[in-house]
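Engineer: Fold the following, please.
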Amino acid sequence: MKKLKEKNYFVTILLVLYCLFYILPLYKVLFTTNDDANFYLFYIQHPNLFEESFKYITHVGTRPLFPFIMQIPYLVDNFFYIKSVQIAFFVFSILSVAFLLFKIFKQKSISYLYIVLFFIFMQFTFQHNILFAYPVYFHFAITLLALSMVFLIDFFIKKEIYYYFSSILFFVIPLFMYEMHIIYVVLYFIIIISFVKRVRKIIFYFSPFLLFSFILIVLDFYLKTHYPRGYAGTKIDISSLKLVVQSLIFHTSSAFPLFNILYLKHIIKHYNEYHFPHLQLPYLHFVDYIKAFIGGYLSFYFLKKIDFTKISSHLIYMTLIISFIYIFLPNLPISLTKKYQIWAQHLNFHYVTTHYSIIAMNIFILSFILLYIKQSSSYVQYNNHIKVSVVVIVFISLMNSYANRGIYKYLYLSSGKWKLMNTFIKSKIYKNIHQPIDISSFYIHEYSIMRLNKNYWNRYFYYKTGQKQDFKNGCKNCPRLLIFQNPKNLNEVLIFETFDKIFFLSYKPIYKLKFKIIRNGTIVSKLIDLKQILLGVYEAVYVKPKKMKGLNDVILVDKYY
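Structural biologist: Numbering: from 1, shown residues only. Okay, the predicted model is just below:
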């Protein structure tokens, strides 16, 4: 008994450490979409939230809770606080779904296995992935929906009425956060008929969920007729069935395991840290192997702990079918709109609804593994099925780690924009500048995750300093920044120019930076040793022209082409 407890403690600690492997790197990625940057700048300046709430109801749709919940991570203007709140809600959503699975299958090992599989199958993207974009808002909704179903199950088991009312409340809140959540009302009907056999009682228990869903539809219709929406994402267009199906497939496809490996080769090729255009397992990072080993061990351990004799095949089949349907269903509403049909045509595979598909996909894969092992006809076959499942899990873990590492490196650069600005504002060089500042470039890589928009930086600069500064998206006489460097060793560089000086900021440590300045046909260059300083502001000094070659050359050109 003592050894068993010690082993359980060991596995628990290992599971926590395994999750931290995936969670802690999220702290280094701040804003990955223009919307999040805009929300941050909006909320830190303390607007009239009631006025903003009405604006969202009339302009965007039936989302009156949006401005109130969106402000939660921005109550304190601190990047660590912002990320901590976002990650906390992300963790809550994972745990709530795992808890729901425990209520369904009545085995903790299945819930733990879901958590392991979630991180193994988790894929980073540079689009509207709620791991990074709107994380609090949608993870909060997922948490409430999962807990609502848990409360409904508890009501039928424990016969205590407050569970029923809690279930209704936790269903209604997400309903008025995002219209798409109405699709989950069907799951409440399935839960009710699983416990209740009399038709009248089924209607009685289900009627509140149906009523609030109907109210949402009526409210949505009323707002559409009385307040024509300016948001294209709520305007239905079913003139082309082909575009609807294409949009549905595209927005769902990134929920499938190994999607990044198959479809994002251009990103992975340029931003992975290896010197090979394609994956070669012997050259993977040792951390990838550690994660795969731990993930495989935990999967094997929890699969062996599951008592398959207590799980009915009917329950597994039902879970398999329902989860498969809900892989596609969350993306159906947006696929009916013109905006997201156009997105699909431009190969935008991922949207916030895709994360709901990912949850369903993980449950589908989990159910498939359970069914595959349960069908074993002998103990030897049972062990072989577990081993095959673990091998596949380890393989997917290695593939996803490889892809995520390259994409994460790409996402990581976005945070540098804000850190660079903060560093520049605090620097002595900025305090000595009295002229207007022209900004030449705020991103240097091809697939931009947050494009240059001077309005963001004008607002942020004014918020931080109290001074108005007109940053330039580009002007005739502003320098253009061209970077020639090895994409395996990316670096974010920011250029500021006044009338008589040029400054640049380095995001990552640069030990030796070569750059050329071409002004009026004259080439000037300088080799600078930055001595491993992580962030700093440095003045560029004009020197005699010198021919320089190399992957880390930085060239300033005095005109845009």
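
Engineer: What is the neighbour count of the residue nearest to residue 29 when sequence neighbours are not counted?
Structural biologist: Distances taken as C-beta to C-beta, 6 or more residues apart in numbering place residue 411 nearest to residue 29, at 4.8 Å, with adjacent residues excluded. C-beta: built from backbone N, CA, C; applies to glycine. Around residue 411 sit 25 other residues, with neighbours defined as other C-beta atoms under 10 Å.

Engineer: Name the residues that touch stretch 127-141?
Structural biologist: Applying C-beta atoms under 8 Å, 6 or more residues apart in numbering, the external contacts of stretch 127-141 come out as 26, 29, 31-33, 35-36, 66, 69-70, 72-73, 85-87, 89-90, 92-93, 122, 124, 173-174, 177-178, 181, 348-352, 354-355, 411.

Engineer: Residue 113 contacts residue 304, doesn't it?
Structural biologist: No: applying C-beta atoms under 8 Å, one finds residue 113 not in contact with residue 304, separated by 10.6 Å.

Engineer: between these two, who's got more neighbours?
Structural biologist: Comparing residue 113 with residue 304 by neighbour count (other C-beta under 10 Å), the higher total belongs to residue 113, at 24 against 12.

Engineer: residues touching that one, list them.
Structural biologist: In this structure, residue 113 makes contact with 298, 299, 302, 303, 306, 366, judged by C-beta under 8 Å, 6+ apart.

Engineer: Residue 355 versus that one, what's the distance?
Structural biologist: Summarising the geometry, the distance separating residue 113 from residue 355, computed by C-beta to C-beta, to the nearest Å, is 20 Å.

Engineer: and what of residue 302?
Structural biologist: As for residue 302, its distance to residue 355 is 24 Å (criterion: C-beta to C-beta).

Engineer: Same question for residue 286.
Structural biologist: 30 Å.

Engineer: who's more crowded, these two?
Structural biologist: Neighbours of residue 286 and residue 355, each counted by other C-beta under 10 Å, are more numerous for residue 355; the result is 24 against 7.

Engineer: which residues does the more buried one contact?
Structural biologist: Here residue 355 is in contact with 129, 130, 131, 138, 142 (C-beta under 8 Å, 6+ apart).

Engineer: burial of residue 34, as a residue count?
Structural biologist: The number of residues packed near residue 34 is 15, by other C-beta under 10 Å.

Engineer: what does residue 28 give?
Structural biologist: Other residues near residue 28 number 13, with proximity taken as other C-beta under 10 Å.

Engineer: Now it: closest residue in space, sequence neighbours ignored.
Structural biologist: Nearest residue to residue 28 in three dimensions, chain neighbours excluded: residue 412, at 5.5 Å (C-beta to C-beta, 6+ apart).

Engineer: Residue for residue, what is the longest helix this protein has?
Structural biologist: Secondary structure of the chain read by DSSP state H shows that its longest helix is helix 379-426.

Engineer: Quick one, which of the contacts of stretch 127-141 are buried?
Structural biologist: Neighbour-count burial (16 or more other C-beta atoms under 10 Å) applied to the contacts of stretch 127-141 gives 26, 29, 31-33, 36, 66, 69-70, 73, 85-87, 89-90, 92-93, 122, 124, 173-174, 177-178, 181, 348-352, 354-355, 411.

Engineer: Mark which of these are part of helices, please.
Structural biologist: With helices taken from DSSP H, the overlap with the buried ones among the contacts of stretch 127-141 comprises 36, 66, 69-70, 85-87, 89-90, 92-93, 173-174, 352, 354-355, 411.

Engineer: Give the buried residues for stretch 140-154.
Structural biologist: Taking 16+ other C-beta under 10 Å as the basis for neighbour counts, the residues of stretch 140-154 that come out buried are 140-154.

Engineer: Export only the CA atoms of it, formatted as PDB.
Structural biologist: Provided in PDB are the C-alpha atoms of stretch 140-154 (Å, rounded to 0.1, in the frame of the first residue of the first chain):
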ATOM      1  CA  PHE A 140     -14.100  31.000 -19.600                       C
ATOM      2  CA  ALA A 141     -17.000  30.000 -21.800                       C
ATOM      3  CA  ILE A 142     -15.700  26.500 -22.200                       C
ATOM      4  CA  THR A 143     -15.200  26.200 -18.500                       C
ATOM      5  CA  LEU A 144     -18.800  27.300 -17.800                       C
ATOM      6  CA  LEU A 145     -20.300  24.900 -20.400                       C
ATOM      7  CA  ALA A 146     -18.300  21.900 -19.100                       C
ATOM      8  CA  LEU A 147     -19.300  22.700 -15.500                       C
ATOM      9  CA  SER A 148     -22.900  23.200 -16.500                       C
ATOM     10  CA  MET A 149     -23.000  19.700 -17.800                       C
ATOM     11  CA  VAL A 150     -21.300  18.400 -14.700                       C
ATOM     12  CA  PHE A 151     -23.900  20.100 -12.500                       C
ATOM     13  CA  LEU A 152     -26.700  18.600 -14.700                       C
ATOM     14  CA  ILE A 153     -25.300  15.100 -14.200                       C
ATOM     15  CA  ASP A 154     -24.900  15.700 -10.500                       C
END
